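> the following comprises the amino acid sequence and a computationally predicted model.
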2 protein chains.
Amino acid sequence: MSLDRATMDERVPRDFETLRATILDRRESLPKRIAQIAAYALDNPDDIAFGTAASIAASAGVQPSTLIRFAQQLGFDGFTSLQQVFRERLRERNSSYDERLQALRAKAEGGAGHRSIFDGFVAAASTSLNDISRTLDDAHLEDAISLLAKAETIYVLAKRRSYPVASYIAYALGKLKIRNQLIESAAGLNAEMIAFATPADAVIAISFSPYAPATIDEARSISEQGVPIVAITDSSFSPLAQFARVWFEVAEADFAGFRSLSATMALAMSLTVGVGEKRRSTGKKRKA
Amino acid sequence: MSLDRATMDERVPRDFETLRATILDRRESLPKRIAQIAAYALDNPDDIAFGTAASIAASAGVQPSTLIRFAQQLGFDGFTSLQQVFRERLRERNSSYDERLQALRAKAEGGAGHRSIFDGFVAAASTSLNDISRTLDDAHLEDAISLLAKAETIYVLAKRRSYPVASYIAYALGKLKIRNQLIESAAGLNAEMIAFATPADAVIAISFSPYAPATIDEARSISEQGVPIVAITDSSFSPLAQFARVWFEVAEADFAGFRSLSATMALAMSLTVGVGEKRRSTGKKRKA
DNA sequence: TATGGATTGGAATTATTATTTCATATTCCC
DNA sequence: GGGAATATGAAATAATAATTCCAATCCATA
């Protein structure tokens, strides 16, 4: 019988996620006690990895034999091979956050081949996310979102290395049906574009050291027109900070001379989606 | 004898860090084979956690009895209780990384205010980086870099949500003095631009579901001209995959409907910098 | 409500694995 | 260089754990 079943689905789950999916999939059709141990297994995977058949069975409130039948139903030939999957999961889930980063950095520095470059960029991105998650000031976030939510048009200003962030902001704002204008330099008409901005609008400006002179100039002239600016930059001495109504200091780690954009992207998206949410809730209130 | 020793230092290491320190401390004074297993234990803690005394001893090149003596020297009463410490470490360390992300996600879902949006984006980015770090195939990376390094001009093709990545690639390639062409649609001259590409060039194409039709069309026509394509996409069923000489599957987590770009960015930067390095080393060889 | 099949509990059996023991080798000190 | 103390290897033994088996129970169906 269990032989028949094993022959029918030959593909035994080799990794935890597949196993999990299989269990969830069959959940309905499992006998009571088997279902009981199945639920226990998904809730306490560590216990399965480390325990003995007897101890696990006891914790789950079933007999050891039931545990083995459970394994066999899934196509394993016994508890031991089921347990392997749970152990593999623990092995692969690389280490704690810090250990993982250290390992990545070590590989990035010592390692040969191009994998080490990749590890370096992943480490840089993780570090940046970690840092911004610790240092971001909630009040600044709220202020910036309020300011932007009131704007008629949001201008997005960034050059060079910061430009990808600006283009994603513009894309997202567009998706959310929020009027926006990306200040691009293709036709050299930036000055004219900027001239349209009024104090009822707002600007998101992004610039990191070495600050692109064009960004700074444009930020200056737009702020002189009384348009409020939200700045994302990398230091309190940044020239952008002085023009800005609200500004964020984002420390992006770099690797091989190129800075990660992960933290900036996360912040940029939060501002964008935050504005979207705020507009929607304010809209509702107005109607009410 | 071992009793004496056990009496002398009553405090048996209960956690991994203490144990590690103890081993490092005594390293000098340990007999040869014991030192051998000690080194193995610190280098392969996962093996100690999951292996059997016999299998571990074999991997470390000692007898099982030596392993037990090692445990006893440290004050444990046998291999089994030593193993507990290594298992405990896996249990705890795992929870730390998971807890982090789960805490973030929990805050993102339950939390009030805009901070929760931000946490959501950070969690999505972290998850994506984590995933790609696990799944990226080194051989693909090498292949893609070789292919791109040989190209006369690298064309970069991406629209909409993937466009920010393309623009960062173009920026970085420019910085590295690698000839490249970003295929933009401003003037509607894409077809003409593409027509210049020859089999001596190469393309980096990026597209995620729902695939921008323009990207697919352009990828098709450029591949029909015999230009090799490196694709970054999100599934093996992606239409991009069929045109590509090398392709990467990147699973980006999303939040609030916007996908993180962190993993894609890290990969894109690795390709770019990898090509830069490869060119430089090949250039040197040529001179020599 | 009787009957067959599936499911379950619990003990018996088999296997695997840790530990002990003892003979042999090595090291260190006199 | 000789001898005690220490360390090591290998196999025997004890302990522990996985698996099997069979009787009891449950459940659906006629």
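Arrived safely, thanks for sending. Numbers count the residues shown, from 1 in each chain, chains lettered A, B, ... in the order given.
> would you mind measuring from whichever residue of the stretch 51-200 of chain A sits closest to DNA strand C to residue A:53?
Closest residue of the stretch 51-200 of chain A to DNA strand C, Cβ to the nearest atom of the strand: residue A:65 (3.3 Å). From N, CA and C alone the C-beta is placed, and that goes for glycine too. Distance of residue A:65 to residue A:53, given as Cβ to Cβ, to the nearest Å: 9 Å.
> what about these two, which has more around it?
When neighbours are counted by other Cβ atoms under 10 Å in any protein chain shown, residue A:65 and residue A:53 differ, and residue A:53 comes out ahead with 20 against 12.
> quick one, what contacts that one?
Applying Cβ atoms under 8 Å, 6 or more residues apart in numbering or on different chains to residue A:53 gives the contacts A:64, A:67-68, A:79.
> now it: phi and psi?
Torsion angles at residue A:53 (phi, psi; degrees, to the nearest 10) stand at phi -50, psi -40.
> give me the low-pLDDT residue ranges for chain A?
Where chain A drops to pLDDT under 70, the residues are A:1-11, A:93-100, A:111, A:185-189, A:283-288.
> repeat that with 50
Within chain A, the stretches with pLDDT under 50 are A:1-9, A:287-288.
> what's the domain layout of it?
Under the assignment automatic domain parsing, the domains of chain A span A:2-92, A:96-135, A:136-287.
> starting at the chain centroid, how far to the second one?
Spelled out, it's domain A:96-135. On the basis of Cα atoms, centre = their mean, to the nearest Å, domain A:96-135 sits 15 Å off its chain's mean C-alpha point.
> and the first one, by the same measure?
In terms of Cα atoms, centre = their mean, the centre of domain A:2-92 is found 32 Å from the chain centre.
> looking at the sheet around residue A:155, what are its partners?
residue A:181, residue A:203 (DSSP bridges).
> thought it was touching residue A:181?
Yes. The criterion here is Cβ atoms under 8 Å, and residue A:155 meets it with residue A:181 at 5.1 Å.
> and the two? Which one has more around it.
residue A:155 (24 against 18).
> OK, contacts around that one?
Neighbour list for residue A:155: A:180-183, A:194, A:197, A:201-204, A:222, A:227 [criterion: Cβ under 8 Å, 6+ apart].
> give me phi/psi at the residue nearest to residue A:195 when sequence neighbours are not counted?
Leaving aside its chain neighbours, residue A:195 sits nearest to residue A:225 (7.8 Å; criterion: Cβ to Cβ, 6 or more residues apart in numbering or on different chains). The phi/psi pair for residue A:225 (degrees, to the nearest 10) reads phi -80, psi 0.
> hmm, residue A:198 and residue A:225 touching each other?
Yes. The pair residue A:225 / residue A:198 is scored as a contact, 7.2 Å apart, by Cβ under 8 Å.
> which residues touch residue A:113?
So residue A:113 contacts B:138, B:142 (Cβ under 8 Å, 6+ apart).
> quick one: the strands in the stretch 1-150 of chain A?
Assigned by DSSP state E, counting those that start in this stretch, the stretch 1-150 of chain A shows no strands.
> how about the residues of it that lie near DNA strand D?
With Cβ under 7 Å from any atom of the strand as the criterion, the stretch 1-150 of chain A meets DNA strand D at residues A:32, A:52-54, A:64-65, A:68, A:71, A:77-81.
> closest one of those to residue B:277?
Using Cβ to Cβ, residue A:81 comes nearest to residue B:277 of these, at 43.6 Å.
> that closest one contacts residue A:71, doesn't it?
Yes. With contacts defined as Cβ under 8 Å, residue A:81 counts as touching residue A:71 at a distance of 7.1 Å.
> more neighbours: those two, which one.
For residue A:81 and residue A:71, the more surrounded residue by other Cβ under 10 Å is residue A:71, and the numbers stand at 23 against 14.
> residue A:145 touches residue B:114, doesn't it?
Yes. Between residue A:145 and residue B:114 there is a contact under Cβ under 8 Å: 5.4 Å.
> what residues are shared contacts of these two?
Residues touching both residue A:145 and residue B:114 by Cβ under 8 Å, 6+ apart: A:274, A:278.
> could you list the residues in contact with stretch A:237-252?
A:124, A:128, A:131-132, A:135-137, A:140, A:143-144, A:147, A:205, A:207-209, A:211, A:215-216, A:219-220, A:223, A:228-236, A:259-264, A:267.
> among those residues, name the ones in strands.
A:205, A:229-233, A:259 (DSSP state E).
> Serialize those residues to TSV and add fields for distance to DNA strand D.
Shown next, in TSV, are those (distance: Cβ to the nearest atom of the strand, whole Å):
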residue	distance to DNA strand D
A:205	62
A:229	64
A:230	59
A:231	60
A:232	55
A:233	58
A:259	50
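> now for those, which pair is the farthest apart?
Using Cβ to Cβ, the two most remote members of the ones in strands among the contacts of stretch A:237-252 are A:229 and A:259, lying 21.7 Å apart.
> any idea how many residues pack against whichever residue of the stretch 1-150 of chain A sits closest to DNA strand D?
Nearest residue of the stretch 1-150 of chain A to DNA strand D, counting by Cβ to the nearest atom of the strand: residue A:78, 2.2 Å away. Other residues near residue A:78 number 12, with proximity taken as other Cβ under 10 Å.
> cool, and the one 10 residues further on?
The burial metric for residue A:88, expressed as a neighbour count using other Cβ under 10 Å, is 15.
> any idea how far residue A:13 is from it?
Note on residue A:88: its distance to residue A:13, by Cβ to Cβ, is 11 Å.
> ranges for the helices of the stretch 101-250 of chain A?
Along the stretch 101-250 of chain A, the stretches classed as helices by DSSP state H, counting those that start in this stretch are A:115-135, A:138-149, A:163-175, A:190-195, A:213-224, A:239-243.
> the first one near chain B anywhere?
The reference is to helix A:115-135. Yes. Counting by Cβ under 8 Å from any Cβ of the partner chain, contacts between helix A:115-135 and chain B involve A:115, A:117-119, A:121-122, A:125-126, A:129, A:132-133.
> what residues of that helix count as buried?
Within helix A:115-135, the residues that count as buried by 16 or more other Cβ atoms under 10 Å in any protein chain shown are A:115-130, A:132-133.
> then the fourth one?
Along helix A:190-195, the positions that meet the burial threshold by neighbour count (16+ other Cβ under 10 Å) are A:190, A:193-194.
> and what of the shortest one?
Residues of helix A:239-243 classed as buried by neighbour count (16+ other Cβ under 10 Å): A:239-241, A:243.
> residues near residue A:20, how many?
16.
> contacting residues for the closest residue to it other than its chain neighbours?
Nearest non-adjacent residue to residue A:20, counting by Cβ to Cβ, 6+ apart: residue A:42, 6.3 Å away. By Cβ under 8 Å, 6+ apart, the residues touching residue A:42 are A:20, A:23-24.
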